[in-house]
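Q: Sequence isn't available, so here's the structure alone:
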């Protein structure tokens, strides 16, 4: 399936605790930011992971890609950009970018998404997931939660 044309943008200001001795964001924090992007994309669509898990479905990461291009630093304003890149009844993949933006773009991005991403790309990557039930057996989202399946279809 082709990537969604809709990016979900979530603003974040780099906190001191996220930086290392070199004064840059510790590399593992970008993975956490990818997760924040996925969670907030789903939440902005009217669902949250807690509700999905209460319905007996889990969505573990089975693959992760992350390419570091430029460092983020303390107090930078960044956008976590997330979109669905692949989708089926049993799999879900996300494309993610972390972008440094100016303060004017940071506040603007809270209220609007666009095809053209603002700012400078720092990190690019994504995650692949498989829907499983509580026993960690593959599950078909279209059968288990058809309304969520339809919602994800509309986003993809």
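A: Perfect, thanks for sending it. All values reported here derive from a predicted model rather than from experimental measurement.

Q: tell me the contacts of residue 49?
A: Residues in contact with residue 49 (C-beta atoms under 8 Å, 6 or more residues apart in numbering) are 39, 42, 59. Heads up, the C-betas are built off the backbone N, CA and C, glycines and all.

Q: which SSE is the second one in?
A: Residue 42 is part of helix 27-44, with elements assigned from DSSP states H and E.

Q: Check residue 50 too.
A: Assigned by DSSP H and E, residue 50 falls in helix 49-54.

Q: what pairs with the next helix-or-strand element following that helix, and is each one parallel or antiparallel?
A: As assigned by DSSP H and E, the chain's next helix or strand after helix 49-54 is strand 57-58. The strands beside strand 57-58 in its sheet (DSSP bridges) come out as strand 132-133 (antiparallel).

Q: what's in contact with the strand it pairs with?
A: Applying C-beta under 8 Å, 6+ apart, the set of residues contacting strand 132-133 is 56-60, 138-139, 144.

Q: just the residues you listed now: which is nearest residue 88?
A: residue 138 (11.2 Å; C-beta to C-beta).

Q: list the contacts for the closest one?
A: Going by C-beta under 8 Å, 6+ apart, the list of residues near residue 138 reads 90, 130-132.

Q: Which residues does the helix holding residue 42 contact?
A: By C-beta under 8 Å, 6+ apart, helix 27-44 touches 8, 10, 12, 18, 48-49, 52, 64, 66, 68, 78, 80-84, 94, 96, 98, 123, 125-127, 155.

Q: tell me which residues in it are buried?
A: 29-30, 33-35, 37-38, 40-42 (16 or more other C-beta atoms under 10 Å).
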